[in-house]
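In: model this:
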Amino acid sequence: YANEGMILPVDRKAVKGAGDLTDDSWNSVKMADGKYYGVPFSQHAQVTFIRKDWREKLGLPVPKTHEDLVALATAFATQDPDGNGVADTYGMAVPGTTDRGFFAWWSAPYIWQRGGEIVSGGKGQYKAEIGSKDSVKAVDWLQNLFCTPNLVQPGALTNASATPFFAEGKAGIYQTGPYAFANFDKSPGKDKYEVITAPKGPDGSTTLQERTSIYFGASTNKPEKQQALAEYLISAAGQELGMTAPGQPVVRLPVNKKVDAVKVFGDERWSVVQDQLKDSRLFPSDIDFTVIRQDVAESFNSMFGQCSADAAGLKDLAGRIDEELTNQDALK
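Out: Coordinates of the predicted model:
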C-alpha cells in the first residue's frame, strides 16, 4: 500500500500520545526509507494451547521442550485421551493452508526455535537462509511431525477450520494467537484447556509476533479526523475499549505502555501472552514479505504432504527468495 501511494507516511512526533507507545511498536510500521506508515494499535505473540484434561488424564507433565511436546502429541494420538475407546484423536491441529501463506506463519516459530531462519538481515536488506544447514535440519524435524501417523491431523486445514478441530476434541495441541480464547472458552470449555509459552527447542522458545496498525489513507478528505481517531484508539481509554468490547478483543495486548492487560482482562492467561511477547519477533515489516511468505507456505505444504523435503528443495526455495529480494532492491 505504501509503495502504491495508497497510504501516507505518519509524522510520529505529531501524533498525540505517540510517546506512550514503545519503539518496538513504532518500528513495526517503519519502512526502509525510515518513514512510519501507520500507527500501532494492538500486539500479541503466538502461544501454545493444550487440552489440559487430556494431559492430566494421561498423567503427563506440561511440556517444557520440543521433546516433551512431541511426546505429548504422540500420547494424544495413541492413548485415547478422550476415553471413547476409538482411535480418533490427533496430536496437533495445524493450519497447513497456503491461503495467505498461513503455513509459513505456523512453521516459522519452530524453525527459529531449532536455530533456523527463513531470511536474515534488517533495515530493508535481507538474504535467504532457509537453505542453510540449521534451517534444513529444522524443516526436517517439522516434516517428521507430518510424516508420523496421527501426530498431525490429516489435510491442510485453514486457520478457520483448524480452530474447531481443536475445539471439537479432535486434536490436543494448537499453536495460535490469543484471539482464540473467546471461542475455546465456549468449546472445549475454559476448564478443559491451558495456555503456555512455547516449549523450548535447541535454540529457544521464540514465536511469531503479530501486530495490528491504523493506516492513514491517501484519498481521505478528512485528514484531521483520521489522525484524531488514531490518537483516541492508542489512548488508554481507546485501548481499554478495544480490549473489553463484546466478542474477541480487537486489542489483544495494548501498545500503550500505561495499560495493564492482565488488570483490564482480569485473566492471568494474558500474562502468558505478555511473557511470550517478550520472546517473539515479527516477519520483516520494512519490505514486502508477502511473496516470500506465500512461497514458503506452498513449498512446505508440498514437501510435507509428500514427505519429500530435502536440502536441494530448500536451496531452490532460497534461490527464489533471493530473486524476490533482488526484485525489491532488498537483497543484502
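In: quick one: low-confidence parts of the protein?
Out: 155-160, 309 (pLDDT under 70).
In: can you pull out the helices in it?
Out: 23-27, 52-57, 66-78, 102-113, 133-146, 159-167, 181-184, 223-233, 236-244, 261-265, 269-278, 290-306, 311-327 (DSSP state H).
In: in JSON lines, list these along with mean neighbour count and distance to G91.
Out: Heads up, the C-betas are built off the backbone N, CA and C, glycines and all. JSON lines is the format used below for the helices of the chain (neighbours: other C-beta atoms under 10 Å; distance: least, C-beta to C-beta, whole Å):
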{"stretch": "helix 23-27", "mean neighbour count": "15", "distance to G91": "34"}
{"stretch": "helix 52-57", "mean neighbour count": "18", "distance to G91": "10"}
{"stretch": "helix 66-78", "mean neighbour count": "19", "distance to G91": "3"}
{"stretch": "helix 102-113", "mean neighbour count": "23", "distance to G91": "14"}
{"stretch": "helix 133-146", "mean neighbour count": "19", "distance to G91": "8"}
{"stretch": "helix 159-167", "mean neighbour count": "19", "distance to G91": "11"}
{"stretch": "helix 181-184", "mean neighbour count": "17", "distance to G91": "17"}
{"stretch": "helix 223-233", "mean neighbour count": "15", "distance to G91": "40"}
{"stretch": "helix 236-244", "mean neighbour count": "17", "distance to G91": "33"}
{"stretch": "helix 261-265", "mean neighbour count": "17", "distance to G91": "30"}
{"stretch": "helix 269-278", "mean neighbour count": "19", "distance to G91": "21"}
{"stretch": "helix 290-306", "mean neighbour count": "19", "distance to G91": "15"}
{"stretch": "helix 311-327", "mean neighbour count": "17", "distance to G91": "24"}
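In: out of these, nearest to K35?
Out: Nearest to K35 among the helices of the chain is helix 23-27 (11.2 Å), distances taken as C-beta to C-beta.
In: give me the helices and strands touching that closest one, please.
Out: The elements that helix 23-27 packs onto, with contact taken as 3 or more C-beta pairs under 8 Å, 6 or more residues apart in numbering; DSSP states H and E, are strand 39-45.
In: and G115, its phi and psi?
Out: The phi/psi pair for G115 (degrees, to the nearest 10) reads phi 90, psi 10.
In: and it, how far is that from C147?
Out: For G115, the distance to C147 equals 21 Å [C-beta to C-beta, to the nearest Å].
In: cool, and D99?
Out: Using C-beta to C-beta, we find D99 at a distance of 23 Å from C147.
In: what residue is smack in the middle of this protein?
Out: L208 (4.1 Å; C-alpha atoms, centre = their mean).
In: that one contacts F283, correct?
Out: Yes. Using C-beta atoms under 8 Å, L208 is in contact with F283, at 7.2 Å.
In: give me the common contacts of the two.
Out: A108 (C-beta atoms under 8 Å, 6 or more residues apart in numbering).
In: picking up where we left off before, got the contact list for the residue nearest to the centre of the chain?
Out: So L208 contacts A45, Q46, W105, A108, P109, S280, R281, L282, F283 (C-beta under 8 Å, 6+ apart).
In: ok, now which ones touch the last one?
Out: If I follow you right, that is F283. A108, I118, L208, F289, R293.
In: list the beta-bridge partners for the third one.
Out: I take that to be L208. R281 (DSSP bridges).
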